[in-house]
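Engineer: From the sequence below, what's the structure:
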Amino acid sequence: MSQSQLAQRAGPQESARLMRLATYASVSVALVLIVAKLIAWQQSGSVSLLATLVDSGLDALASLVNLIAVRHALSPADHEHRFGHGKAEALAGLGQAALITGSSLFLMHESAQRMLAPVPMESFKVGMWVMVFSIAMTLLLLTFQRHVILRTDSTAIRADALHYRTDLLVNASVLLALGLSHWGWPGFDALFAIAIAFYILYSAWEIISHAFDHLMDRELPDEDREAIERTVLAHREVSGVHDLRTRRSGTAVFVQMHIELDDDLSLLEAHRIADEVEGEVVLAYPGAEVIIHPDPLSVIGVESRQDFTTSDQKV
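Structural biologist: Alright, predicted model coming up:
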């Protein structure tokens, strides 16, 4: 993440407000689109419209789950959850992925049947207008979600936005399918629905991958780790940094590191430096929990360190 992106990060209270607004907006848009697409499908009988109706219905359910999960994730740490509840976001992402996978399998089944027995569509214009309306609503929601993601880097909102980016492509493809089916072969409708189902499956895999990284405490991206190291080494009394470990839980970032200091510093001086370094890191990651272990330079060569260079190799 670049320095300009880090500068856009919101504080904990502002992040919570934006995330709540994003979940309310997502549920509202999904409900409006369900009503519009249901009317259009009943009048046209289009299977690709049915595909988007099912997708919007699952989006509404997923967004509702997201709303509940975000509220839980934003609740403060308690006696039994000292690190907070941030991983509820990743669990919500896995739930969304399961719903998306189920919807794609249903669409494949319905589309295969319609491919074998194409049915001419009725009320073509209603379906076209509803898809144009859906595209406009989805674009507005995605614009707001993008703003929230830049300010909060929320896993749950990112997963929800992935739904609606998929919907944007789905709606555009259905618009094309309706036109081709009306002026050409009716089977285009089912063919596009099958393509939509495969794309939905791909989207589910992306959400699963992101949520799994979150639950497994994957390190922050290399650019973030490099930015943290530069921040630490910018302190004139810090000679080096090692054993940097990072992870994310919801919107919270956890950072642990060892900093290398002169041997002759008193404990109070070392504590002051560690506090100053911690403050600089928190400026870049508002609300981050930073743990710093100061090491005298004389022990650097003999201190035992964790070697992560072969961590990706499996036996």
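
Engineer: where along this protein do the helices fall?
Structural biologist: 3-7, 12-44, 47-73, 88-116, 124-152, 155-183, 187-215, 222-233, 267-284 (DSSP state H).

Engineer: quick one: the longest one to chain centroid distance?
Structural biologist: In other words, helix 12-44. Centroid separation for helix 12-44 versus its chain: 17 Å, with C-alpha atoms, centre = their mean, to the nearest Å.

Engineer: tell me the average confidence for that helix?
Structural biologist: Mean pLDDT, helix 12-44: 84.

Engineer: Could you do the shortest one as well?
Structural biologist: For helix 3-7, the mean per-residue pLDDT is 45.

Engineer: Excluding chain neighbours, what is closest to His242?
Structural biologist: Excluding the flanking residues, the one nearest His242 by C-beta to C-beta, 6 or more residues apart in numbering is His258, at 5.2 Å. C-beta here means a position set from N, CA and C on the backbone, and glycine is covered the same way.

Engineer: what sits against that neighbour?
Structural biologist: By C-beta atoms under 8 Å, 6 or more residues apart in numbering, the contact set of His258 is 241-243, 292-295.

Engineer: From the residues you listed, keep the buried residues only.
Structural biologist: 241, 292, 294-295 (16 or more other C-beta atoms under 10 Å).

Engineer: And the pLDDT for the residue nearest the centre of the chain?
Structural biologist: In the chain, the residue lying closest to the centroid (C-alpha atoms, centre = their mean) is Arg158, at 2.4 Å. Per-residue pLDDT puts Arg158 at 78.

Engineer: For it, give me its contacts.
Structural biologist: Taking C-beta under 8 Å, 6+ apart, we find Arg158 in contact with 149, 210.

Engineer: try 10 Å
Structural biologist: Applying C-beta atoms under 10 Å, 6 or more residues apart in numbering to Arg158 gives the contacts 89, 93, 145-146, 148-149, 152, 206-207, 210-211.

Engineer: Please convert the residues you listed to a markdown table, extending it with pLDDT.
Structural biologist: Formatted as a markdown table, the contacts of Arg158 follow (pLDDT from 0 to 100):
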| residue | pLDDT |
| --- | --- |
| Glu89 | 71 |
| Gly93 | 73 |
| Gln145 | 91 |
| Arg146 | 90 |
| Val148 | 89 |
| Ile149 | 86 |
| Thr152 | 79 |
| Glu206 | 77 |
| Ile207 | 77 |
| His210 | 76 |
| Ala211 | 79 |
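
Engineer: Quick check on those: which are buried?
Structural biologist: Neighbour-count burial (16+ other C-beta under 10 Å) applied to these gives 89, 93, 145, 148-149, 152, 206-207, 210-211.

Engineer: looking at it, Glu237 is touching Leu297, isn't it?
Structural biologist: No: using C-beta atoms under 10 Å, Glu237 is not in contact with Leu297; the gap is 11.5 Å.

Engineer: residues shared between the contacts of these two?
Structural biologist: Shared contacts of Glu237 and Leu297 (C-beta under 10 Å, 6+ apart): 261-262, 265.

Engineer: Out of the residues you listed, who's the most crowded?
Structural biologist: Counting neighbours by other C-beta atoms under 10 Å, the top entry in the shared contacts of Glu237 and Leu297 is Leu261, with 20 neighbours.

Engineer: quick one, what contacts it?
Structural biologist: 235, 237-240, 269-270, 273-274, 294-297.

Engineer: Alright, calling it a day.
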